[in-house]
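> Kindly generate the corresponding structure for this input.
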Amino acid sequence: SDSGGGAGIQADLHTIHSMKCHGCSAITALTAQNSVGVHDVHIPPISFLQSQLSCLSQDLNPVRGIKIGMVGSQELAIAIGDFLSSLKEDSKDKQPFVVVDPVMISTSGHSLINDEAKKALMEHVFPHAHVLTPNKFEAEALLGRTLNTPQEVEQGAKDILKMGVKAVLIKGGHSLLETSSTTPTTTPISSDVNATIGYAQDYFLSSIPTNEEPRLCDASAGVWIRTARYDSVHTHGTGCTLSSAIASALALGHQQRSLLESGSSGTGATLAIREVDACCLAKAYVTAGIGQGRQLGQGPGPVVHTKFPSTSQYYPTIVQNPTLRTSDTTAFLRMKSPFHRSPSSSSTTTTTTTT
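Purely as a prediction, here's the structure:
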């Protein structure tokens, strides 16, 4: 929970509602913070987290998507892993999508959790994650090495998949020139790195096999999700917002496919939402919010919450070579939904999700 309202569960619920889903919450950490910084953190008892999760499980079903943010202790990570294991057993073939935002490093580069909590998160929570969304600093903390070039980011994503997650999105909010150290770097800038500076590029890689027809892009081969980089400091809450938007988009697709399987009709485009599609929708949502960001207090302002990205204005470009200009990239084949239905058989529905 962010008492300043810009990040945490406040940003999560704003995002989920804007993405046309219903959000529930189970609080893992309460912070006393404002736009200037975090002043105090309180971790609720494990029994209270378990009580929150139990109450939700008894009533608000089915769960379509779950977003996990800051997990401040080893005990919390173990409890969350136990809950996800029980949910997996109960849901069987209709498991909810799990998106994990491994909040370990602050925007300024400071560590937020200890090594025991990080190890428990990797051991108990990562195996349940459909998408992991570390920023550059968090990916480096997981890997134990720096990521300074596009090639190192791509290899880092491959190594993170080996930790048990099904897909990873290494966020590009921090440029490859930024480090978690306060010591200035004297390393010369390579031409490949220099070519990426004007873009906010996230690298997505999936280990999830697909039995469908060829898609717009092959996420198992890795793709860069690119937008222009805004020159703005008003980006508080972007990580929370992005991961919640991904979970919401996946929940929408999950619901529509469930409706189709039960004999009801669903909307074709929503039926086709998979992990990489959800990341593109979330990227568009966050980009729109950054573009409208403004200062509310003495520090950086939060990302603005707008609406489901239904126009192309903020949609990202998908590229396979992050060093090429957008105008020089090769176009992908036209997308075809594997769940295409004739216009006469489609209808609109209301979607809810629990997180």
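> Next, the distance between the ends of stretch 288-300.
One end of stretch 288-300 sits 17 Å from the other (Cα to Cα, to the nearest Å).
> Can you point out the buried residues in that stretch?
Within stretch 288-300, the residues that count as buried by 16 or more other Cβ atoms under 10 Å are 288-291, 293, 296, 299-300. C-beta here means a position set from N, CA and C on the backbone, and glycine is covered the same way.
> Which strand or helix spans residue 4?
Per DSSP states H and E, residue 4 falls between elements, in no helix or strand.
> on that earlier part again, so which of the buried residues of stretch 288-300 comes closest to residue 127?
residue 289 (31.2 Å; Cβ to Cβ).
> where does that closest one fall, phi/psi-wise?
Note on residue 289: its backbone torsions stand at phi -70, psi -40 [degrees, to the nearest 10].
> can I assume it is in contact with residue 306?
Yes: the pair residue 289 / residue 306 is scored as a contact, 6.0 Å apart, by Cβ atoms under 8 Å.
> Stretch 306-314: how far from the chain's middle?
17 Å (Cα atoms, centre = their mean, to the nearest Å).
> And for it, what's in contact with it?
Residues outside stretch 306-314 that contact it (Cβ atoms under 8 Å, 6 or more residues apart in numbering): 18-20, 227, 281, 284-285, 287-289, 291-292, 315.
> residues contacting residue 273?
Residue 273 is in contact with 249-250, 252-253, 256, 281, counting by Cβ under 8 Å, 6+ apart.
> Which pair in those has the greatest spatial separation?
Farthest apart among the contacts of residue 273 - using Cβ to Cβ - are 256 and 281, which lie 13.9 Å from each other.
> now the strands for the stretch 51-200 of the chain?
65-68, 97-100, 131-132, 167-170, 199-206 (DSSP state E, counting those that start in this stretch).
> Worst mean pLDDT among the ones you listed?
Among the strands of the stretch 51-200 of the chain, strand 199-206 carries the lowest mean pLDDT, a mean of 93.
> who does that one pair up with?
strand 167-170 (antiparallel), strand 223-228 (antiparallel) (DSSP bridges).
> so of these, which one's packed in deepest?
Per-stretch averages of neighbours, counted by mean count of other Cβ atoms under 10 Å, single out strand 167-170 among these, with a mean of 27.
> residues in contact with it?
With Cβ under 8 Å, 6+ apart, strand 167-170 has contacts from 130-136, 139, 147, 153, 156-157, 160-161, 202-208, 219, 225, 246, 275-276, 279.
> out of the residues you listed, which are buried?
Neighbour counting over the contacts of strand 167-170 (16+ other Cβ under 10 Å) leaves 130-136, 139, 147, 153, 156-157, 160-161, 202-206, 219, 225, 246, 275-276, 279 as the buried ones.
> how many other residues sit next to residue 89?
Close neighbours of residue 89, defined as other Cβ atoms under 10 Å, add up to 9.
> Check what pLDDT it gets.
79.
> how close does it sit to residue 127?
Residue 89 is 14 Å from residue 127, where distance means Cβ to Cβ, to the nearest Å.
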